[in-house]
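K.L.:
mind folding the following:
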Amino acid sequence: MKPSSTRRPQGFSIIVVLFLLVVLAGLGAVIAQLSVTQHLGTLSAQQGRQAHYSARAGVDWVRYRLTVPPTTTTGCADILGQTIDVAGQTATVKSCSATVYDEDGPHTVFVVGIEVVANAAGADQVSRTMQLTVYR
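P.N.:
Got it, this is the predicted structure:
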């Protein structure tokens, strides 16, 4: 009769360890990718907020130019294409229309469009457009 062997097969634990290492490396790669995606999304949202506030500054600038006396701005030709630099972003007057009403004396209604385009570092381009109506 042969003596029975109580030894277990060799090499099984190395396969389990390698499998666990591959799974952990995969999880690490997924977490790193999620972190990068979240960072770029946050950066894009921040650029969008900055573009929004730059457009609001452009709106305020146009409102000031059209309403605060003594105003030298006579119409759309004076403000169309004008730019204002706000925190490294440029707000541009893209459109302007003026309508004259003669109800209680001559009044002009200006409808002005402002656009800001911002390029986020490593993210997509962000733009914001606002429209302003000024009664003068």
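
K.L.:
hang on, Val109 in a strand?
P.N.:
Yes - with DSSP: H, G, I helix; E, B strand; the rest coil as the criterion, Val109 is located in a strand.

K.L.:
I'd like to know how far it sits from Gly88.
P.N.:
Applying C-beta to C-beta, to the nearest Å, the value for Val109 to Gly88 is 33 Å. Where C-beta positions appear, they are placed from N, C-alpha and C, glycine not excepted.

K.L.:
who has more neighbours out of those two?
P.N.:
Under the criterion of other C-beta atoms under 10 Å, the comparison of Val109 against Gly88 puts Val109 first, with 13 against 8.

K.L.:
who's in contact with that one?
P.N.:
Ala98, Thr99, Tyr101, Thr133, Val134, Tyr135, Arg136 (C-beta atoms under 8 Å, 6 or more residues apart in numbering).

K.L.:
which strands or helices does the longest helix along the chain pack on?
P.N.:
Using DSSP state H, we find that the single longest helix of the chain is helix 12-67. Where contact means 3 or more C-beta pairs under 8 Å, 6 or more residues apart in numbering; DSSP states H and E, helix 12-67 is packed against helix 76-79, strand 83-86, strand 89-101, strand 107-119, strand 125-135.
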